[in-house]
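Enquirer: no FASTA, just this:
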């Protein structure tokens, strides 16, 4: 089955900068699952995966506008340290570190610009915003979406949304 609108896609990915340095990968973790054609994935990734099949591998260079977006000016915010989340228990926040915060649009990764004892100034641009990146994709599975998945607008089950 080929990837097209209304299919659930499971894939692994690797992201590298233009110098070939690996920035992120999920090849050692569960595949990402999404409902293709319903704005559940970055536009550049959806375009790259269109018409691929289970087992296919692809490398693609994608512009910032197609992935994590261009850098937005005036994206600094001052927030309470208690709103920062990290994999570490109680990190000592410093400029340059990344954290996750909950927003009205869901969780967002931010970069700390300035850290104080109780407040931090963060850049809300994604750390990979504004960068052209190398992506490697491996399609693990493609299947027809269920009526319920299409009605809900997202994939269910392993790697997708659980109700």
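Expert: Yes, it's here. These figures come from a predicted structure and were not determined experimentally.

Enquirer: check contacts around the nearest residue to residue 123 once chain neighbours are set aside.
Expert: Nearest residue to residue 123 in three dimensions, chain neighbours excluded: residue 111, at 4.6 Å (Cβ to Cβ, 6 or more residues apart in numbering). The C-beta positions use only the backbone N, C-alpha and C, and glycine is treated the same way. When the contact criterion is Cβ atoms under 8 Å, 6 or more residues apart in numbering, the partners of residue 111 are 96-98, 122-123, 125, 127.

Enquirer: how about a cut-off of 6 Å?
Expert: 98, 123, 127 (Cβ atoms under 6 Å, 6 or more residues apart in numbering).

Enquirer: If the second one is in a bridge, with which residues?
Expert: Counting by DSSP bridges, residue 123 is bridged to residue 76, residue 111.

Enquirer: Relative to residue 41, how far out is it?
Expert: Using Cβ to Cβ, to the nearest Å, we find residue 123 at a distance of 24 Å from residue 41.

Enquirer: Could you list the low-confidence segments of this structure?
Expert: Counting by pLDDT under 70, the chain has low-confidence residues at 159-163.

Enquirer: Helices of that one, start to end?
Expert: 43-49, 147-152 (DSSP state H).

Enquirer: looking at these, which is closest to residue 19?
Expert: Set against residue 19 and scored by Cβ to Cβ, these come closest in helix 43-49, at 19.6 Å.

Enquirer: ok now that closest one, how far from the chain's centre?
Expert: 13 Å (Cα atoms, centre = their mean, to the nearest Å).
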